[in-house]
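Participant: structure, please.
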Amino acid sequence: MGMSLRENLFGGLLSGLVLNAVLLGVITIQAFLYYQKYPRDHVILKFAVGFLWFVQTFQVVATVFSVYQESITHFGILSQYSVWTGTIYQILTVVCSTVVQSYFVFRLYRFSGTIWLPMLLVLLTLGQVGTGLAICLRVNITRGGESIVHSMRPLMVSWLTLEAAADLVIALSVSYSLQTRRTGVLQTDTVLRKLTIYAINTGLLTSILALVVMFVFALCGLHFVHMIFILPLGGVYTASLLANLHSRSRLWKELHHQGENDFPIHLSHLSPKAREMYRKGDHS
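Facilitator: Numbers count the residues shown, from 1 in each chain. You can find the predicted model right below:
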């Protein structure tokens with residue numbers, strides 16, 4: 001027996017809320033440890049981490065309020081109109097993905113030294129911002145519910161496809177850029193390989209999640225699976241950024257430890273860019 005519209009909407013919303021709340025706990029711990037371990041990071045990066053934590057917290061609070069309204073205040077009544085607390089997750093996901101993608105685009109620019117690929121990624125990011133904003137405005141201005149799902153399909157598919165495309169291009173580009181920086185020194189190349197794996201895994205995770213949400217919405221509309229996975233999507237972006245920031249310490253410790261205990265890594269063996277990064281201790 002198929003699920004009713006109410007079960008799809010609010011069952012998925014409640015389940016997604018639970019996942020999102022758990023993810024918020026993980027992000028809170030990650031953020032706390034980040035501020036403890038990296039007090040010398042640039043103020044913009046520290047502000048971005050705090051801002052993303054605030055966005056994630058606000059999303060969870062707004063979703064709790066929406067679930068309470070629908071499950072308690074309006075129990076048994078399926079509203080034909082949307083309210084902002086029940087749709088704010090969408091634009092907040094756009095905010096999180098934009099901040100995280102911008103960080104990785106900037107890192108790619110520093111790695112590659114070229115402007116063309118970062119410009120392409122900026123266009124993809126701006127495209128997903130535009131389509132995501134259009135969805136949010138359409139839902140909240142018209143306050144439509146299930147009745148506007150069909151007309152929103154092209155926008156939703158475009159938004160999530162652009163999200164996934166940007167993530168994949170970023171992951172592959174960062175991976176290629178890291179591989180071109182190989183020095184021939186075993187320890188350095190090992191660290192670069194691990195950074196490459198992190199970059200690919202991060203991009204694949206958010207891309208797969210965005211594509212799952214997109215295909216389910218395209219085929220089924222407001223479905224349980226769509227609701228349960230779209231709510232934590234912004235949190236996954238935030239957690240992936242924090243995981244990337246935390247990986248720096250472990251990998252640099254490994255590089256220095258192996259260089260000191262196995263055999264010295266002479267700077268003369270490194271490429272000019274690698275020597276400069278090593279000399280400055282570039283952990284950002």
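
Participant: where does pLDDT dip in this structure?
Facilitator: Residues of the chain meeting the criterion pLDDT under 70: 1-8, 73-86, 142-151, 181-192, 194-195, 198-199, 248-284.

Participant: quick one, helices of the stretch 151-284 of the chain?
Facilitator: Secondary structure of the stretch 151-284 of the chain (DSSP state H, counting those that start in this stretch): helices at 186-220, 224-230, 233-261, 272-280.

Participant: mind exporting the shortest one as CSV, just the C-alpha atoms?
Facilitator: I take that to be helix 224-230. Listed next in CSV are the C-alpha coordinates belonging to helix 224-230 (Å, rounded to 0.1, in the frame of the first residue of the first chain):
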residue,chain,number,x,y,z
PHE,A,224,9.4,10.6,1.5
VAL,A,225,12.9,9.9,0.1
HIS,A,226,13.2,13.4,-1.4
MET,A,227,12.3,15.0,2.0
ILE,A,228,14.5,12.8,4.1
PHE,A,229,17.6,13.5,2.0
ILE,A,230,17.2,17.2,1.0
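
Participant: how near is the residue nearest the centre of the chain to Ile72?
Facilitator: Most central in the chain under CA atoms, centre = their mean is Tyr237, positioned 1.6 Å from the mean C-alpha point. Between Tyr237 and Ile72 the distance is 31 Å, computed by CB to CB, to the nearest Å. Backbone N, C-alpha and C define where each C-beta goes, glycine included.

Participant: for Thr131, same thing?
Facilitator: From Thr131 to Ile72 the distance is 34 Å (CB to CB).

Participant: quick one: Leu205 and Thr87, what's the gap?
Facilitator: Computed as CB to CB, the Leu205 to Thr87 distance reads 24 Å.

Participant: and Ile197, how many neighbours?
Facilitator: Close neighbours of Ile197, defined as other CB atoms under 10 Å, add up to 12.

Participant: alright, that wraps it up for me.
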